[in-house]
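Chemist: coordinates only, sequence not included:
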Ligand SMILES: CC(=O)N[C@@H](Cc1ccccc1Cl)C(=O)N1CC[C@@H]2C=C[C@H]3CC[C@@H](C(=O)N4CC[C@@H]5C=C[C@H]6CC[C@@H](C(=O)O)N6C(=O)[C@H]54)N3C(=O)[C@H]21
C-alpha cells in the first residue's frame, strides 16, 4: 500500500479566481468534499486529495511542498497557495479543520 491517508475531513474546496477576484468552488458544482492528506510511504511525500461526497469528482489533488505556508484564516477556513493558484478549504466544522491542520503541519515538519 504505497499511499495511506493520514487525515480525513469534510470541506467545501475552493480556489481563488484571481481574474474576477473571488473564491469559486473547485470542480463542477458547489458542495462538500471528503478531503484527505495522503502520505506516500516509499518516497515520503504528501498530497491533498479531495473528492465530492455526491459524485466523487476529484476537486483537489495537489502536492504538499516543503516550505508551504498553511494559513488558518479562520477556525474553519484554511488556505495555501502554490505557483499556480490559491486553495481554500471551508471545513464543515472546527474539529475537521483542527484535525486537518494538525496533520498538515506534521507533514510539513517532516519534509
Ligand atoms: C500573502 C497572501 O498570499 N495572503 C493570502 C493568505 C495567505 C497567507 C499566508 C500564506 C498563504 C496564504 Cl493563501 C491572502 O490574503 N489571500 C489568498 C487569496 C484570498 C482572497 C481574498 C481575500 C478576501 C479576504 C480574505 C479571505 O479570503 N477570507 C477571509 C476569511 C474568509 C473566510 C472564508 C472564505 C469562504 C469563501 C470566502 C467568503 O467568505 O465568501 N472566504 C473568504 O473571503 C475568507 N482574502 C484572503 O485571504 C486572500
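Modeler: Sure thing, it's come through. Quick caveat, the model's predicted, so the values are computed rather than measured.
Chemist: Which residue is the nearest non-sequential neighbour of residue 12?
Modeler: Nearest residue to residue 12, sequence neighbours excluded (Cβ to Cβ, 6 or more residues apart in numbering): residue 90, at 4.1 Å. No exception for glycine: its C-beta is placed from N, CA and C like everyone else's.
Chemist: actually residue 75, sorry about that
Modeler: Counting by Cβ to Cβ, 6+ apart, the residue nearest residue 75 is residue 94, at 5.0 Å.
Chemist: Also residue 107?
Modeler: residue 46 (4.3 Å).
Chemist: that older thread, list the contacts for the residue nearest to residue 12?
Modeler: For residue 90, the contacting residues are 11-14, 76-77, by Cβ atoms under 8 Å, 6 or more residues apart in numbering.
Chemist: quick one: the most centrally placed residue in the chain from residue 59, how far?
Modeler: The centroid of the chain falls nearest to residue 48 when counting by Cα atoms, centre = their mean (4.9 Å). Separation of residue 48 from residue 59 (Cβ to Cβ, to the nearest Å): 10 Å.
Chemist: now swap in residue 35 and tell me
Modeler: Going from residue 35 to residue 59 by Cβ to Cβ gives 9 Å.
Chemist: so what's in contact with the two at the same time?
Modeler: What both residue 35 and residue 59 touch, as defined by Cβ under 8 Å, 6+ apart, is the set 13, 50.
Chemist: before we move on, the earlier item: helix or strand: which one has the residue nearest to residue 12?
Modeler: strand 86-91 (DSSP states H and E).
Chemist: Run me through the strand neighbours of that strand, direction for each.
Modeler: strand 3-17 (antiparallel), strand 77-81 (antiparallel) (DSSP bridges).
Chemist: Go ahead and measure how far it is from the middle of the chain.
Modeler: Centre-to-centre, strand 86-91 and its host chain are 7 Å apart (Cα atoms, centre = their mean, to the nearest Å).
Chemist: now do stretch 79-92
Modeler: On Cα atoms, centre = their mean, the centre of stretch 79-92 falls 7 Å from the chain's centre.
Chemist: Cool, thanks, signing off.
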